[in-house]
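Chemist: Below: sequence and its predicted model.
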Amino acid sequence: MLTGALMGCVVTASSQDGYFTTYGHEIYKGELELSFMFDHTSPSAFKRAQGQRNYLSQMPELEYHPTKQLALEFMPEMFQEFGTGISKFTGVRLEARYRLFKNEVPLNPTIYFEYEDLDPETRFKMEVSGWIIPPYQESGNTESEREKILENRLILSQDIKNWNIAVNWINEIDTRTGFTAFGYAMGVQYKIFADDENEGGYICPMHPEEKSDKSGKCSKCGMSLISKSDEKKFLTPASLSFEFIGALGDARNMGIIPYRQEHYFQPSIMLHMAKGNMLGVGFALGLTDASDDLMRLMWMKEF
């Protein structure tokens, strides 16, 4: 049974285009991001019966975009449970995303690969898949072994004026057995632009008031001005996102049986502040008895 972690933040953030769990297609060459993601989780009745109590989970993230099409990430994770004194570092995730086309095309297909080396007690929800209660008899017992998972996603994402629509199909493959669990993430996002998104010219990413009709340097900080049409994210003081994420069973039994699976509705807001700082706040509201409830927070710094 694979039950991964959900969004992280929510995103997230420009690394997830302002989403917490769903990934879009935007990748910016040369961008370096450092983020810290925090979840406060109230476990489902099913997990409480197994002994879980409310807990905090964290995931620092370091992301770099060496090209306009490739993004790389390193993500360690940990949690602390209230009232029990349990605190554990649960492992790391290594991620790569590759956008198939440099320029905008319909649905902007992007492929995603992530290797997870995690303790079975991992708590941070980057995604969900498989079953909480399988509709079949499980064989073998690998609960004490570390999870070594290869996750891949097909990401489809489309901008329509101020809106973005994104859909992710998720496969999580257990590298020990080859067994695959399935999940999904989908979202719609509204970006609140500071200026007309169709306005031409150049702007300083650190000082948006510094504008020019030609390329050059910012008079305040000396940074190169960037094209508004190419880098619309710098004109986005805030974005509102609404996501649905959940599990779709596994290779043995694929399907939707809500009381046996996690499914969530996740609204969030991302605020883009001065000097490359961003703050995201969101909630993952469980839609089934097997689902938790989460409050999510993320701070990100772009360099």
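Modeler: Perfect, thanks for sending it. Numbering: from 1, shown residues only.

Chemist: Number of residues surrounding the closest residue in space to Asn277 that isn't next to it in sequence?
Modeler: Leaving out its chain neighbours, the residue that sits closest to Asn277 by CB to CB, 6 or more residues apart in numbering is Lys301, at 5.7 Å. For glycine as for every other residue, the C-beta is placed from the backbone atoms N, C-alpha and C. When neighbours are defined as other CB atoms under 10 Å, Lys301 has 13 of them.

Chemist: Leu271 versus Lys301, what's the distance?
Modeler: Distance, Lys301 to Leu271, using CB to CB, to the nearest Å: 13 Å.

Chemist: list residues touching both of the two?
Modeler: Common neighbours of Lys301 and Leu271 (criterion: CB atoms under 8 Å, 6 or more residues apart in numbering): Met278.

Chemist: one step back: for Glu33, see how far away the residue nearest to Asn277 is.
Modeler: From Lys301 to Glu33 the distance is 7 Å (CB to CB).

Chemist: If you count contacts, what does the helix-or-strand element of the chain with minimal mean pLDDT end up packed against?
Modeler: Comparing helices and strands within the chain by mean pLDDT, DSSP states H and E singles out strand 226-227 as the least confident, with a mean of 73. Under the contact definition 3 or more CB pairs under 8 Å, 6 or more residues apart in numbering; DSSP states H and E, strand 226-227 sits against strand 202-203.

Chemist: And the next helix or strand past the strand it packs on?
Modeler: The C-terminal neighbour of strand 202-203 among helices and strands, as given by DSSP states H and E, is strand 211-212.

Chemist: what packs against that next one?
Modeler: Strand 211-212 packs on strand 202-203, going by 3+ CB pairs under 8 Å, 6+ apart.

Chemist: Mind listing the strands the strand it packs on pairs with, and their directions?
Modeler: strand 211-212 (antiparallel), strand 226-227 (antiparallel) (DSSP bridges).

Chemist: Among the ones you listed, single out whichever gets nearest to Ala71.
Modeler: Ala71 lies closest to strand 226-227 among the strands paired with strand 202-203, at 18.3 Å (CB to CB).

Chemist: From the contact counts, what lies against the next helix-or-strand element following the closest one?
Modeler: Scanning forward in sequence from strand 226-227 by DSSP H and E, the next helix or strand is strand 238-250. Under the contact definition 3+ CB pairs under 8 Å, 6+ apart, strand 238-250 sits against strand 180-192, strand 263-272.

Chemist: can I get these in JSON lines with mean pLDDT, distance to Asn162 and mean neighbour count?
Modeler: Formatted as JSON lines, those follow (pLDDT from 0 to 100; distance: least, CB to CB, whole Å; neighbours: other CB atoms under 10 Å):
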{"stretch": "strand 180-192", "mean pLDDT": "95", "distance to Asn162": "5", "mean neighbour count": "21"}
{"stretch": "strand 263-272", "mean pLDDT": "95", "distance to Asn162": "14", "mean neighbour count": "22"}
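
Chemist: can I get those in JSON lines with distance to Gly246?
Modeler: JSON lines is the format used below for those (distance: least, CB to CB, whole Å):
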{"stretch": "strand 180-192", "distance to Gly246": "6"}
{"stretch": "strand 263-272", "distance to Gly246": "4"}
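
Chemist: separation between Val105 and Tyr136?
Modeler: 41 Å.

Chemist: who's more crowded, the two?
Modeler: With neighbours defined as other CB under 10 Å, Val105 and Tyr136 compare such that Val105 has more, 12 against 9.

Chemist: Could you chop the protein up by domain?
Modeler: As given by automatic domain parsing, the domain ranges for the chain are 14-193+236-302, 199-231.

Chemist: Deepest in the core, which of the ones you listed is it.
Modeler: Most buried of these, by mean neighbour count (mean count of other CB atoms under 10 Å): domain 14-193+236-302, with a mean of 18.

Chemist: for stretch 291-301, what is the average pLDDT?
Modeler: Per-residue pLDDT over stretch 291-301 has a mean of 95.
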